[in-house]
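> The following comprises the amino acid sequence and a computationally predicted model.
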Amino acid sequence: MNASVQARDESPPAPTLHPSLRIGIAGAGAIGCTLAATLAHAGQAVHLLARGANLQAIQRNGIQLTRAQDIIQASVAASASAHELGVQDVLFLCTKAQDLAGLLPALAPMIGPQTCVVPLVNGVPWWYFQGIPDHFSGRAIEAVDPGGALLSALPSEQILGAVVFITAERLGPGAVESRNPMLLVLGELDHTETPRLQRIAAALTAAGLPTRSSPRIRDPLWTKIIANLASNPLSVISGATLQALFSDPRLLPVVRKILVEAMALSAAYGARLEFDPETFIAQAAAMGPTRTSMLQDSLQGHPLELAAIGDSLLELARLRQIPMPITQDIIALTHFRDEATRAANALNGDKK
Ligand SMILES: NC(=O)C1=CN([C@@H]2O[C@H](COP(=O)(O)OP(=O)(O)OC[C@H]3O[C@@H](n4cnc5c(N)ncnc54)[C@H](OP(=O)(O)O)[C@@H]3O)[C@@H](O)[C@H]2O)C=CC1
Ligand SMILES: CC(C)(CO)C(=O)C(=O)O
């Protein structure tokens with residue numbers, strides 16, 4: 001379906017991309033809707049798996065995406081039925097990490113033998129030890145994939161690694177906001193350059209979603225993991241925005257200590273980081289009063305991605321015997337804060 005554009009959208013439509021590429025998106029939250037609206041606005045057919053009131057709003061009015069420069073309204077084919085949406089060439093997984101195990105089996109009708117599955121999910125991915133020679137090759141990461149259920153659900157050759165440099169927030173059913181510049185980095189799990197990688201990166205870039213291919217996807221992945229680890233859990237404990245986390249004299253020293261520990265961990269896993277902590281801190285502070293996705297979840301009483309952006313890193317640290325004392329304390333405090341928030345919410349719910 002084509003995108004319709006509201007009066008406030010003054011940007012020229014992006015060039016139409018590979019019309020033959022069937023793109024599916026599973027999960028119609030902040031990232032899923034931002035992606036769907038951006039691609040649909042460029043004329044790309046998008047097949048979106050959504051549910052509940054959100055699905056009804058999207059079917060009725062499409063998706064409203066507020067960007068820095070304009071607001072676009074895009075129609076997309078949306079359904080709660082993976083059968084109805086059918087087999088896709090590329091399927092983006094856009095849920096929280098802890099929802100993947102519940103979601104993946106239900107997506108079987110959208111995944112054929114040639115479908116390329118691209119998880120747009122923060123944290124240590126369940127596929128981390130697949131595709132490369134490593135002491136821990138083939139191993140499941142218990143924190144994000146208990147019992148290796150995700151590893152068994154999908155051949156790792158069908159997965160394309162991804163790192164999401166996008167900020168997005170849900171405004172309501174069918175409405176999202178994404179004001180910062182977007183970047184997606186994609187890469188094969190075995191670090192090879194493949195035609196499918198080039199084709200998908202080119203297609204997304206043509207649709208106004210700048211996408212790079214990486215010959216070593218774990219390098220940008222570590223950059224993002226370090227950014228998340230330094231900001232997300234502490235944002236929940238403190239309630240701070242990115243600007244405050246990376247500039248307030250009471251928070252920034254803690255952030256710096258987490259950065260040092262996380263960089264040591266990434267080095268133990270052979271990451272070649274293009275990561276200068278001071279530049280990173282300045283850039284993060286410049287992102288302004290943006291709430292991390294984990295703080296958004298906490299404020300809304302939703303489960304936190306602490307397994308993917310906390311426990312999994314402590315698991316990797318244990319495997320290579322890397323000490324992370326400050327990180328361990330911050331993760332423990334965040335778990336405590338999360339449990340306390342949930343208990344208070346439950347009590348308030350009971351009182352109403
Ligand atoms: N938001 C951001 O700024 C950024 C987010 N990320 C990462 O991207 C990933 C997605 O985050 P985000 O978009 O913010 O998350 P959201 O919570 O906004 O969206 C997740 C969506 O998945 C849906 N969902 C979950 N399980 C199912 C299911 N079984 N069937 C159908 N739909 C399902 C949810 O539905 P429902 O609404 O009904 O619960 C929700 O719409 C996360 O890993 C996050 O950390 C990365 C960079 C930035
Ligand atoms: C914006 C950023 C980088 C903060 O860590 C993020 O990925 C998130 O909010 O989850």
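Sure thing, it's come through. Bear in mind that the values here come from a model prediction, so they are computed numbers and not experimental data. Residues are numbered from 1 along each chain as shown. Ligands and ions are numbered 1, 2, ... in the order given.

> Distance of residue 244 relative to residue 289?
For residue 244, the distance to residue 289 equals 8 Å [CB to CB, to the nearest Å]. (C-beta placed from N, C-alpha, C; glycine too.)

> And the two? Which one has more around it.
Higher neighbour count among residue 244 and residue 289: residue 244, with 16 against 9, using other CB atoms under 10 Å.

> Wondering if stretch 77-91 reaches ligand 1 at all.
No. Against ligand 1, stretch 77-91 shows no contacts by CB under 6 Å from any ligand atom, the least distance being 7.3 Å.

> Now that stretch: buried residues?
77, 78, 79, 82, 85, 87, 88, 89, 90, 91 (16 or more other CB atoms under 10 Å).

> Now, those that are in strands?
Mapping those onto strands (DSSP state E) picks out 77, 78, 79, 88, 89, 90, 91.

> In this structure the third one contacts residue 51, no?
No. Judged on CB atoms under 8 Å, residue 79 makes no contact with residue 51 at a distance of 9.5 Å.

> Establish whether stretch 254-266 and ligand 2 are in contact.
No. Shown here: stretch 254-266 not in contact with ligand 2 (CB under 6 Å from any ligand atom), separated by at least 10.8 Å.

> That stretch: how far from the chain's middle?
21 Å (CA atoms, centre = their mean, to the nearest Å).

> what does it contact?
Defining contact as CB atoms under 8 Å, 6 or more residues apart in numbering, one finds that stretch 254-266 is touched by 222, 225-226, 229-231, 234, 245-246, 273, 275, 277, 280-281, 313, 316-317, 320, 322-327, 330.

> average pLDDT across it?
Here stretch 254-266 scores 97 as its mean pLDDT.

> Can you point out the buried residues in it?
Result for stretch 254-266 [16+ other CB under 10 Å]: buried residues 254, 255, 257, 258, 259, 261, 262, 263, 265, 266.

> Which residues lie in contact with residue 129 in this structure?
Residues near residue 129 by CB under 8 Å, 6+ apart: 136, 137, 138, 139, 140, 141.

> Correction: the previous question concerned residue 337.
Residue 337 neighbours (CB under 8 Å, 6+ apart): 236, 237, 298.

> From residue 239, how far off is it?
10 Å.

> and the gap between residue 260 and residue 143?
Residue 260 sits 22 Å away from residue 143, going by CB to CB.

> near ligand 2, anything from the helix ranked longest in the chain?
In the chain, assigned by DSSP state H, the helix with the most residues is helix 325-351. No. Judged by CB under 6 Å from any ligand atom, helix 325-351 stays clear of ligand 2, getting no closer than 13.2 Å.

> Could you do stretch 206-224 as well?
No. Against ligand 2, stretch 206-224 shows no contacts by CB under 6 Å from any ligand atom, the least distance being 6.7 Å.

> The stretch 201-350 of the chain: strands as residue ranges?
Along the stretch 201-350 of the chain, the segments classed as strands by DSSP state E, counting those that start in this stretch run 211-213.

> pLDDT below threshold where in it?
In the predicted model of the stretch 201-350 of the chain, residues 350 satisfy pLDDT under 70.

> now residue 189: how far from residue 115?
Going from residue 189 to residue 115 by CB to CB gives 15 Å.

> And for residue 315?
Residue 315 sits 29 Å away from residue 115, going by CB to CB.

> Between the two, point out the one with more neighbours.
Neighbours per residue (other CB under 10 Å) separate residue 315 from residue 115, with residue 115 holding more: 18 against 15.

> how about the residues of the stretch 1-150 of the chain that lie near ligand 2?
Residues of the stretch 1-150 of the chain lying close to ligand 2 by CB under 6 Å from any ligand atom are residue 122.

> Check which helix or strand the nearest residue to residue 217 once chain neighbours are set aside maps to.
The shortest distance from residue 217 to any non-neighbouring residue, by CB to CB, 6 or more residues apart in numbering, is to residue 187 (2.8 Å). Assignment of secondary structure by DSSP states H and E places residue 187 within strand 183-188.

> so how far is that strand from its chain's centroid?
For strand 183-188, the distance to the chain centre is 12 Å (CA atoms, centre = their mean).

> Relative to ligand 2, which residue of the stretch 51-200 of the chain is the closest?
residue 167 (4.7 Å; CB to the nearest ligand atom).

> returning to what we had before: now restrict the contacts of stretch 254-266 to buried residues only.
Counted by 16+ other CB under 10 Å, these give 222, 225-226, 229-231, 234, 245-246, 275, 280-281, 313, 316-317, 322, 324, 326-327, 330 as buried.
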